[in-house]
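>>> how would this look folded up:
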Amino acid sequence: MSYNEPVIASILFAINMLCRQVNFFFEPASSDKEDLKAAEFADSCINDMEQPWNDTLVEILSMITYGYSPHELVYKRRCGDVFDPSMRSTHNDGRIGWRKWPIRSQDTVYRWQFDDHGEIQGLEQLAPPFYYHTTIPVEKLLLFRSTTIRNNPEGLSCLRGAYRHWYMMKNIENIEAIGVERDLAGLPCAWVPPEILSNNASAGEKNILAMIQQATINVRRNQQEGMIMPLDYDQVSGKQRYDFKLLSTGGSRQFDTSAIINRYAHRISINLLGDFLLIGQQSVGSFALVTSKTDLFTTAISAFLDMICSIINRYAVPRLFQLNDFRIKKYPELKHGRVGNVNLDDLGNYIQKLSGSGMPIFPTDTGELERYLLDAAKVPSSGVGMPPQTPAENVNNILPNNENKNQVVIPFMPNTMPTGSVNDRTPADGQPKPETVTTNISGSTEDNYTKKP
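Alright, predicted model coming up:
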């Protein structure tokens with residue numbers, strides 16, 4: 001279905017090609033030096049695998065067709081350009097990196113393993129050439145799914161909604177091809193004498209019936225086109241005993257198969273949000289309609305990429321850093337860039353309106369063109385382009401007359417009961433008087449106030 005149907009194949013091809021040109025990068029958890037090194041390390045690992053990242057991404061996208069895509073995490077020690085493939089790398093730092101994320105073909109998955117709580121524990125595989133039962137634990141798996149409904153490890157194919165239309169269209173195309181091959185306008189029908197149809201027919205008569213029946217079924221337009229019929233007349237009536245005709249109804253019974261096939265093709269494309277590919281083929285459609293449909297298509301692809309990044313960030317990245325010596329509190333996260341191209345006319349109008357509203361457009365000092373125009377209008381990025389103030393600067397700004405800017409003032413905020421007379425019932429910070437006061441104020445770590453009995 002995904003290989004033989006041109007509408008489905010073209011949409012899947014478009015998805016793969018659009019995803020190949022998307023930029024992927026690791027975003028550090030903070031501007032701290034260690035976090036920046038961790039992001040750089042993760043980026044070097046994903047671009048140092050045996051199979052290029054773009055090819056790995058295309059295999060991950062097979063979840064659109066099958067509903068899921070299982071990949072095994074295979075590691076290596078990065079020892080530079082050595083002969084051993086388990087240690088070969090473009091880096092020579094001795095750290096543990098990703099060697100590859102090979103897909104475990106959906107055709108080889110024998111069954112899934114679950115625990116008593118219904119959680120996925122691994123998959124069992126029967127793969128060529130030996131077809132051994134091989135178990136891959138979930139700790140070594142990256143399972144990408146199109147949906148997680150009912151925690152089904154095999155998800156749901158995005159082509160499921162198009163199956164019925166594909167099935168009907170395939171049958172109609174077969175019927176249309178048969179009609180073209182036969183070039184007929186009716187039902188082939190052969191007329192024979194009744195005696196050769198009876199159970200008491202002789203062996204010769206049965207052979208004649210079998211030959212006429214086979215010739216009627218196989219009538220078609222090709223290099224062997226033609227039919228031989230015996231010329232025999234009834235001695236009483238004088239009519240032919242053998243004849244061949246095309247039977248058709250008196251009314252019009254011809255269907256426009258092209259219109260039917262186009263209808264099913266359109267519904268298949270709608271299922272994958274790719275109906276913009278058919279706009280203009282029937283001399284209908286507008287540029288605005290194409291733009292809105294392609295925006296919806298690219299938004300769906302961006303959502304798929306978000307799902308892929310979330311799985312990698314949740315499972316692959318933590319396991320990688322647990323094998324290395326980074327002292328970080330939060331892991332870097334894999335992010336992806338924009339899907340598709342930017343409309344320069346729309347971008348120019350957007351910049352012009354931003355400038356007219358008072359936003360400074362080109363002062364940028366590491367503002368990266370004002371954070372790429374406030375992340376292309378998903379907005380918040382306040383203070384973009386302005387260097388952040390240090391804590392000491394913030395304190396100095398609240399000092400009166402900016403006196404003694406090198407001094408950091410830390411206000412005194414008491415959090416314990418002052419020691420003194422037991423009869424002194426005045427609490428700290430002007431709080432209301434408690435109902436009772438403990439008599440033990442000699443260094444106990446408990447609060448000096450007790451609850452009312």
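>>> After the helix or strand where Val7 lies, heading C-terminal, what element do we hit next?
Element membership of Val7 [criterion: DSSP states H and E] is helix 6-20. Using DSSP H and E, the helix or strand that follows helix 6-20 towards the C-terminus is strand 24-27.
>>> per-domain residue ranges of this structure.
Following automatic domain parsing, the chain resolves into domains at 6-159+289-336, 164-247, 344-377.
>>> Of those, flag the one that's most buried.
Stretch with highest mean neighbour count among the domains of the chain: domain 6-159+289-336 (a mean of 16; mean count of other Cβ atoms under 10 Å). Where C-beta positions appear, they are placed from N, C-alpha and C, glycine not excepted.
>>> start to end distance for that domain?
Counting by Cα to Cα, to the nearest Å, you get 29 Å between the two ends of domain 6-159+289-336.
>>> One more: stretch 88-106?
Per Cα to Cα, stretch 88-106 runs 29 Å from first to last residue.
>>> what do you get for stretch 85-92?
End to end - Cα to Cα - stretch 85-92 spans 14 Å.
>>> Would you mind pulling the contact partners of that stretch?
Ser44, Asp48, Glu50, Lys76, Arg77, Arg78, Cys79, Gly80, Asp81, Val82, Gly97, Arg99 (Cβ atoms under 8 Å, 6 or more residues apart in numbering).
>>> State the distance from Asp325 to Ala38.
Shown here: Asp325 relative to Ala38, a distance of 11 Å by Cβ to Cβ, to the nearest Å.
>>> try Ala190
To Ala38, Ala190 is 81 Å away according to Cβ to Cβ.
>>> Reduced to three states, what does Pro153 come out as?
Under DSSP: H, G, I helix; E, B strand; the rest coil, the three-state class of Pro153 is coil.
>>> same deal with Glu173?
On the basis of three-state DSSP, Glu173 is classed as helix.
>>> Does it touch Tyr264 like I think?
No. Counting by Cβ atoms under 8 Å, Glu173 stays clear of Tyr264, with 9.4 Å between them.
>>> Mind listing the shared neighbours of the two?
Common contact partners of Glu173 and Tyr264 (Cβ under 8 Å, 6+ apart): none.
>>> picking up where we left off before, check the offset of the helix holding Val7 from the chain's centre.
Relative to its chain's centre, helix 6-20 lies at 12 Å (Cα atoms, centre = their mean, to the nearest Å).
>>> So which residues make contact with it?
1-3, 54, 57-58, 61, 64-65, 159, 162, 166, 265, 268-269, 272, 274, 277-278, 298, 301, 304-305, 339-340.
>>> any idea what the residue of the chain positioned farthest from its centre is structurally, helix, strand or coil?
Here the chain reaches farthest from its C-alpha mean at Val236, the gap being 77.3 Å by Cα atoms, centre = their mean. With three-state DSSP as the basis, Val236 sits in coil.
>>> And it, its phi and psi?
phi -90, psi -50 (degrees, to the nearest 10).
>>> show me where the stretch 251-400 of the chain has strands.
333-336 (DSSP state E, counting those that start in this stretch).
>>> Quick one: the helices in it, in order.
For the stretch 251-400 of the chain, the helices defined by DSSP state H, counting those that start in this stretch occupy 257-271, 287-311, 317-322, 344-356, 368-377, 391-397.
>>> So Glu124 lies in a helix, does it not?
No. Counting by three-state DSSP, Glu124 is not part of a helix but strand.
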